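J.: From the sequence below, what's the structure:
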Amino acid sequence: MNNITAISKFFYLRKNLYSMAEMVLEQVLMLGDSLENDDYSIAAEIIARDDLIDELEKENDNLSQNAILEAIASRNSLGIGEISDEIVFKKDPLRFALSCIRITRNIERLGDQVVNVAKFFQNGHIQKGLFKRDEGMSKILSRVITLSGMAVESLVEEKERFMGSVNALEQELNDLCAEAFHKYVSDPNMSKVEFADLYRAILSMERIGDYSVNIAEELVRLNTGQDIRHMDLGV
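T.: Just a heads-up that it's a prediction; the model follows:
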């Protein structure tokens with residue numbers, strides 16, 4: 001194995017990860033259009049595209065495992081032991097390959113939650129215009145799109161600059177979801193079938209926020225070596 005081969009596979013893994021992240025973000029944006037415009041055809045397209053994301057997950061998983069083995073063998077030839085810790089955090093193929101496994105898993109699960117929302121919406125029980133008419137639901141959808149966009153942008157830019165904002169937005173999203181549940185659980189005008197689909201959609205959107213935070217946290221670990229999971233960041 002030569003140095004050029006190891007480096008080229010490392011960059012291919014990076015490119016593949018970014019492609020998967022951008023495809024999932026497209027799913028989120030499509031979900032926004034579907035819910036805001038009551039467009040069931042877009043929901044169907046979201047569901048159909050999920051197979052492409054699943055295939056990318058498998059490919060990334062295999063690439064990551066191969067990259068780990070190659071990175072271990074090539075660390076010395078890449079000069080990793082002779083440069084500063086800051087560069088190691090950002091450029092070490094082994095660290096990136098390990099993080100890639102965790103990031104890929106969170107991206108795939110984020111995508112699954114988008115598909116779940118599309119399926120619940122596609123059932124046709126949720127009243128039309130809800131995501132435009134209801135301020136709380138409109139805000140939930142907006143925060144989901146923003147959080148997903150921050151996570152993907154941070155990944156592609158290889159920066160953790162959105163970390164504080166991501167945590168603050170996730171807390172706001174959680175509060176909005178709790179408010180929506182309490183509002184509709186006692187709404188006499190909403191059928192049990194509609195509430196069931198709406199509540200499951202709300203839970204899935206809340207989970208999208210969770211996975212966005214997980215991606216941001218992994219980027220902090222990748223870039224700084226600090227594990228901030230389950231820490232109180234004071235935001």
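J.: Lowest-scoring secondary structure element of the protein by mean pLDDT?
T.: Taking mean pLDDT, DSSP states H and E as the measure, the helix or strand of the chain with the lowest value is helix 85-91, at a mean of 46.
J.: Following the chain past it, name the next helix or strand.
T.: Scanning forward in sequence from helix 85-91 by DSSP states H and E, the next helix or strand is helix 93-122.
J.: and that following helix, what does it pack onto?
T.: helix 3-37, helix 40-74, helix 135-157, helix 192-224 (3 or more C-beta pairs under 8 Å, 6 or more residues apart in numbering; DSSP states H and E). Where C-beta positions appear, they are placed from N, C-alpha and C, glycine not excepted.
J.: closest to residue 115 out of these?
T.: Minimum separation from residue 115 across these (C-beta to C-beta) falls at helix 40-74, 4.8 Å.
J.: That closest one - contacts with which helices or strands?
T.: For helix 40-74, the elements it packs on are helix 3-37, helix 93-122, judged by 3+ C-beta pairs under 8 Å, 6+ apart.
J.: highest average neighbour count across the ones you listed?
T.: Burial of these is given as mean neighbour count (mean count of other C-beta atoms under 10 Å); helix 93-122 ranks first at a mean of 22.
J.: C-terminal to it, what's the next element?
T.: helix 130-133.
J.: Return the set of buried residues in that following helix.
T.: 130-131 (16 or more other C-beta atoms under 10 Å).
J.: can I get the CA coordinates of it in PDB?
T.: Coordinates of each C-alpha in helix 130-133 appear next as PDB, following Å, rounded to 0.1, in the frame of the first residue of the first chain:
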ATOM      1  CA  LEU A 130     -51.700  22.900   9.500                       C
ATOM      2  CA  PHE A 131     -48.000  23.600   9.000                       C
ATOM      3  CA  LYS A 132     -48.800  27.000   7.500                       C
ATOM      4  CA  ARG A 133     -51.800  28.000   9.700                       C
END
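J.: Show me what that helix is packed up against.
T.: helix 3-37, helix 135-157.
J.: One more pass at 10 Å, please.
T.: On a contact count with 3 or more C-beta pairs under 10 Å, 6 or more residues apart in numbering; DSSP states H and E, helix 130-133 meets helix 3-37, helix 135-157, helix 192-224.
J.: what about it, average pLDDT?
T.: What helix 130-133 shows for mean pLDDT is 94.
J.: what's in contact with that helix?
T.: The contact list for helix 130-133 (C-beta atoms under 10 Å, 6 or more residues apart in numbering) reads 31-32, 34-38, 121, 127, 136-142, 184, 190, 194, 198, 201.
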